[in-house]
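Novice: got a structure for you, letters missing:
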């Protein structure tokens, strides 16, 4: 027999009929501060390290291990996301969110104190483990304390925080690296994290239904192994050893086999990490696919725009971070009003559709970049990109949360985060491979009487902004021209994926957003526009 803890001050309670009693507006604002600080930490560390990497590898003399500093964080944060969500469904959000913050801060302190590249890689993995919880649990907690109908008013701020961290990361990383030193990109997490920890510990007091439970350790291990194999293939083996080598093929095949095994495990265990029933609903499965494709597309812009600004426009890391501000303005200008409108009308279907169109338009515009493109044009393109992202980044999470039973809120939220992270990870690897291959092709076309060794040498120089700028004319001009042409190809590669995302957004049904007075969602609750066949059982 399950028992329910009484509600505590500052936390949501449960009404006599079993429905949720959500927090007041004042309580929500206080909780929101802690959740946004935690999410900002996790999102910031996805981008802040990039501008510091050249200094780090120079100090540790380990250029060959550079990618692992990023991959280790990405690997553990993505692989652990489903586990954080499921365990929080069993034990409650508050203790798990606190554990995620503590884990992240411990990893930050250890990373700042690293004495060699191997230590830094290992401690970045610890950071990633905590980050997986910070991202997914923040959204799951919002699902607990705010009714879906009102959630849009607040979720827009989360979209703005995510956009802010994506653009502020390179800027802050450049300022700290040029100033007190690269170790401060990790030390800076402490004051932000302690504020988040204090707020969450003090005010996030949610009731939790006690029940017998069993953690699906086999499923957690299998999905972690599948993600690890896939990310190692696309982030390391493919770009380094070649996509047709035995190691890459073995890793890709292993990830497929493990993914299939994971599905079979989840169908048979009592407490699955990712309940397969979630995917019976057209709304949840549709927006999970949309999140994957949008993550795939957007990381291309977030990664290669700073490269364009630093390599082609010769901006410093700090100035290139400032130059990305139009994207942040776009995210703010779209995410907050769209969230307000969603709360007012209860409708959300149009926003992902417009989002896919706008991001696609931005990619087309970015594919026209040249050596001489004026900054004001690039600023317009970035604004369109930011506005497109802001229209859907958190609205799709709200729609997915609204379509599942409350007992699966944590699993559903973490699964959405998982799909977006996987899309970003795979997209980053694909774009990197396209850039490398197309760069050599364009260099061969641009350079008169080009030899293979000349093309290889210039392509290698293009891997480093410093090496690129050290080239003498006309070779510097050839390399920059080839790099811009290759980047144009990268932006065009995203268009087929955005077209699929648009189709998914159009065919995914819409469901009324529940308000404060609505009772608990039944397992079979269905959308307004879909048939009973699409219901969740």
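Specialist: Thanks, I have the structure now. Just so it is clear, the model here is predicted, and its values are computed rather than measured. Numbers count the residues shown, from 1 in each chain.
Novice: Pull the contacting residues for residue 400.
Specialist: 283-284, 287-288, 412-413, 416 (CB atoms under 8 Å, 6 or more residues apart in numbering). For every residue, glycine as well, the C-beta is placed using N, CA and C.
Novice: can you tell me which of the residues you listed are in strands?
Specialist: The members of these all map outside strands under DSSP state E.
Novice: pLDDT-wise, what's the bottom of those residues?
Specialist: For the contacts of residue 400, the minimum pLDDT belongs to residue 413; the value there is 75.
Novice: Next, count neighbours for it.
Specialist: Neighbour count of residue 413, defined by other CB atoms under 10 Å: 30.
Novice: Just the element for the closest residue in space to it that isn't next to it in sequence, please.
Specialist: By the measure of CB to CB, 6 or more residues apart in numbering, the closest residue to residue 413 outside its immediate chain neighbours is residue 140, 4.0 Å from it. With elements taken from DSSP states H and E, the one containing residue 140 is helix 117-145.
Novice: The contacts of residue 400: which two are farthest apart?
Specialist: The widest separation within the contacts of residue 400, taken as CB to CB, falls between 283 and 413 and amounts to 14.0 Å.
Novice: if we can go back for a sec, and the residue nearest to residue 413, what's its pLDDT?
Specialist: The confidence metric pLDDT takes the value 77 at residue 140.
Novice: Share the number of residues neighbouring it, please.
Specialist: Residues near residue 140, counting by other CB under 10 Å, number 28.
Novice: gap between the spatially most central residue of the chain and residue 361?
Specialist: Central residue of the chain (CA atoms, centre = their mean): residue 421, 4.4 Å from the mean position. Using CB to CB, to the nearest Å, one gets 25 Å for the distance from residue 421 to residue 361.
Novice: Could you do residue 202 as well?
Specialist: When distance is defined by CB to CB, residue 202 is 45 Å away from residue 361.
Novice: In this structure residue 84 contacts residue 138, no?
Specialist: No: with contact defined as CB atoms under 8 Å, residue 84 and residue 138 do not form a contacting pair (10.6 Å).
Novice: Who has more neighbours out of the two?
Specialist: Regarding residue 84 and residue 138, a neighbour count based on other CB under 10 Å identifies residue 84 as having more, with 32 against 28.
Novice: Report the contact partners of the more buried one.
Specialist: For residue 84, the contacting residues are 96, 100, 132-133, 136-137, 410, 414, taking CB under 8 Å, 6+ apart as the criterion.
Novice: Tell me the one among these nearest to residue 193.
Specialist: In terms of CB to CB, no member of these lies closer to residue 193 than residue 100, at 10.2 Å.
Novice: For the closest one, the count of nearby residues, please.
Specialist: Neighbour tally, residue 100, other CB under 10 Å: 28.
Novice: what helices or strands is whichever helix or strand it is part of leaning on?
Specialist: Secondary structure here is read from DSSP H and E; on that basis residue 100 sits in helix 93-112. Using 3 or more CB pairs under 8 Å, 6 or more residues apart in numbering; DSSP states H and E as the contact definition, the elements that helix 93-112 packs against are helix 25-44, helix 66-91, helix 117-145, helix 184-187, helix 189-203.
Novice: any chance of those in TSV, plus distance to residue 357?
Specialist: Compiled in TSV, these are given as follows (distance: least, CB to CB, whole Å):
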stretch	distance to residue 357
helix 25-44	25
helix 66-91	28
helix 117-145	25
helix 184-187	36
helix 189-203	35
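Novice: Out of these, which gets nearest to residue 440?
Specialist: Among these, the nearest to residue 440 by CB to CB is helix 66-91 (19.4 Å).
Novice: the inter-axis angle of the closest one versus helix 25-44?
Specialist: Taking axes from the mean of the first three to the mean of the last three CA atoms, to 10 degrees, helix 66-91 and helix 25-44 form an angle of 150 degrees between their directions.
Novice: just how off-centre is helix 66-91 within its chain?
Specialist: 11 Å (CA atoms, centre = their mean, to the nearest Å).
Novice: can you pull the contacts of residue 416?
Specialist: Applying CB under 8 Å, 6+ apart, we find residue 416 in contact with 139, 287-288, 291, 396-397, 400.
Novice: again, 6 Å this time
Specialist: By CB atoms under 6 Å, 6 or more residues apart in numbering, the contact list for residue 416 reads 291, 397, 400.
Novice: quick one: least confident of those?
Specialist: Summarising pLDDT for these: the lowest-scoring member is residue 397, with 78.
Novice: In stretch 447-466, which residues are buried?
Specialist: For stretch 447-466, the buried set under the neighbour-count rule, 16 or more other CB atoms under 10 Å, comprises 447, 455, 458-459, 461-462, 465.
Novice: what pLDDT does residue 521 get?
Specialist: Confidence per residue is given as pLDDT, and for residue 521 that number is 48.
Novice: before we move on, the earlier item: the residue nearest to residue 413 reaches residue 415, doesn't it?
Specialist: No: contact status for residue 140 versus residue 415: not in contact, 10.4 Å apart, counting by CB atoms under 6 Å.
Novice: In the stretch 401-537 of the chain, where is pLDDT below threshold?
Specialist: Per-residue confidence of the stretch 401-537 of the chain (counting by pLDDT under 70) places the weak regions at 406, 410, 450, 463-464, 514-537.
Novice: ranges for the helices of it?
Specialist: When assigned using DSSP state H, counting those that start in this stretch, the helices of the stretch 401-537 of the chain occupy the ranges 409-446, 452-461, 465-470, 475-507.
Novice: JSON lines please, covering these and showing distance to residue 341.
Specialist: Supplementary listing: the helices of the stretch 401-537 of the chain in JSON lines, determined by distance: least, CB to CB, whole Å:
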{"stretch": "helix 409-446", "distance to residue 341": "21"}
{"stretch": "helix 452-461", "distance to residue 341": "47"}
{"stretch": "helix 465-470", "distance to residue 341": "42"}
{"stretch": "helix 475-507", "distance to residue 341": "17"}
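Novice: Between the ones you listed, which one is closest to residue 175.
Specialist: That would be helix 465-470 among these, by CB to CB, at 17.2 Å.
Novice: Next up, phi/psi of residue 352, please.
Specialist: Backbone torsions for residue 352, taken as degrees, to the nearest 10, come to phi -60, psi -30.
Novice: right, and it touches residue 391 too?
Specialist: No: between residue 352 and residue 391 there is no contact under CB under 6 Å: 7.3 Å.
Novice: Which one of these two is surrounded by more residues?
Specialist: Neighbour comparison, residue 352 and residue 391: the larger count goes to residue 391, with 29 against 26 (by other CB under 10 Å).
Novice: Show the contacting residues for that one.
Specialist: Applying CB under 6 Å, 6+ apart, one finds that residue 391 lies in contact with 334, 338, 351, 354-355.
Novice: any chance of those in JSON lines, plus secondary structure, pLDDT and distance to residue 35?
Specialist: Putting those into JSON lines (DSSP: H, G, I helix; E, B strand; the rest coil; pLDDT from 0 to 100; distance: CB to CB, whole Å) gives the following:
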{"residue": "334", "secondary structure": "helix", "pLDDT": "87", "distance to residue 35": "21"}
{"residue": "338", "secondary structure": "helix", "pLDDT": "84", "distance to residue 35": "20"}
{"residue": "351", "secondary structure": "helix", "pLDDT": "91", "distance to residue 35": "22"}
{"residue": "354", "secondary structure": "helix", "pLDDT": "94", "distance to residue 35": "27"}
{"residue": "355", "secondary structure": "helix", "pLDDT": "93", "distance to residue 35": "23"}
